[in-house]
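1. this one's structure only:
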């Protein structure tokens, strides 16, 4: 496959559309901010966890399993389990709001798991891939398998660079954070998780 202007234009649009999704504040962003204070590499690890869920999903869509994402049973199961998990994570985060970020234990496994859970248990993540993402993947078919591979790489790199930037920015500026600022940031992030968790469950029971 030659990298002609057509595919270059398409891959450029992938960058813009992917960034518009990944830069939207949400559960993944919230945990990246909190974990970035302790570990400058947390964004990279979170993006790895995100990719562990996302890349197999992209492959399934490419192979024609889009209907799986629009199944009512799947959407209900993920909304309920995801909502409960995010509420639990938000509650735990809120409980630690008065604890110094520097004293909160963090490790590679925590950041990796955070990327996996906040991705896999987010029904809007599946909705995005069932609509916008599926349309992009269908477009890659006219460029062959290599077109799809380039799409996967570029999309994940957008996630990687954004999450890495956020965690590094938080880590580098942490010395400017007073205890009050720390408490405010962690409280906001906790309510982001609680809000999304409640919204997911409300959409199921309403």
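-> On my side now, so go ahead. The structure presented is a predicted model; accordingly, all values stated were derived computationally and were not measured.
2. Residue 150 touches residue 11, doesn't it?
-> Yes: under the criterion of C-beta atoms under 8 Å, residue 150 is in contact with residue 11, at a separation of 6.2 Å. C-beta here means a position set from N, CA and C on the backbone, and glycine is covered the same way.
3. and whichever strand or helix holds residue 112, average pLDDT?
-> Under DSSP states H and E, the secondary-structure element containing residue 112 is helix 108-120. On average, the pLDDT along helix 108-120 is 83.
4. Return the list of helices and strands in contact with that helix.
-> For helix 108-120, the helices and strands in contact under the criterion 3 or more C-beta pairs under 8 Å, 6 or more residues apart in numbering; DSSP states H and E are helix 27-36, helix 42-62, helix 72-95.
5. Looking at those, spot the one closest to residue 155.
-> If you check each of those against residue 155 by C-beta to C-beta, helix 42-62 wins as the nearest, at 7.5 Å.
6. any idea of the angle that closest one forms with helix 27-36?
-> Taking axes from the mean of the first three to the mean of the last three C-alpha atoms, to 10 degrees, helix 42-62 and helix 27-36 form an angle of 160 degrees between their directions.
7. buried ones in helix 42-62?
-> In terms of neighbour count (16 or more other C-beta atoms under 10 Å), helix 42-62 has its buried residues at 42-51, 53-54, 57-58, 61-62.
8. Give me the phi and psi for residue 37.
-> In this entry, residue 37 is assigned phi and psi values of phi -60, psi -40 (degrees, to the nearest 10).
9. Could you verify my assumption that residue 22 touches residue 158?
-> Yes: if you go by C-beta under 8 Å, residue 22 and residue 158 touch, sitting 5.6 Å apart.
10. Find the centremost residue of this structure, please.
-> With distances taken as C-alpha atoms, centre = their mean, the chain has residue 28 as the residue nearest its mean C-alpha position (4.3 Å).
11. how much space between that one and residue 58?
-> 17 Å (C-beta to C-beta, to the nearest Å).
12. helices and strands of this structure: which one bottoms out on pLDDT?
-> Counting by mean pLDDT, DSSP states H and E, the chain has its least confident helix or strand at helix 66-69, which shows a mean of 69.
13. centre of the chain versus stretch 140-152, how much separation?
-> Relative to its parent chain, stretch 140-152 has a centroid offset of 22 Å by C-alpha atoms, centre = their mean, to the nearest Å.
14. what's the average pLDDT for the helix ranked longest in the chain?
-> With residue count as the measure and DSSP state H as the assignment, the chain has helix 144-173 as its longest helix. The average pLDDT for helix 144-173 rounds to 91.
15. Can you name every helix or strand that that helix contacts?
-> Helices and strands touching helix 144-173, as assessed by 3+ C-beta pairs under 8 Å, 6+ apart, comprise helix 5-22, helix 27-36, helix 42-62, helix 134-140.
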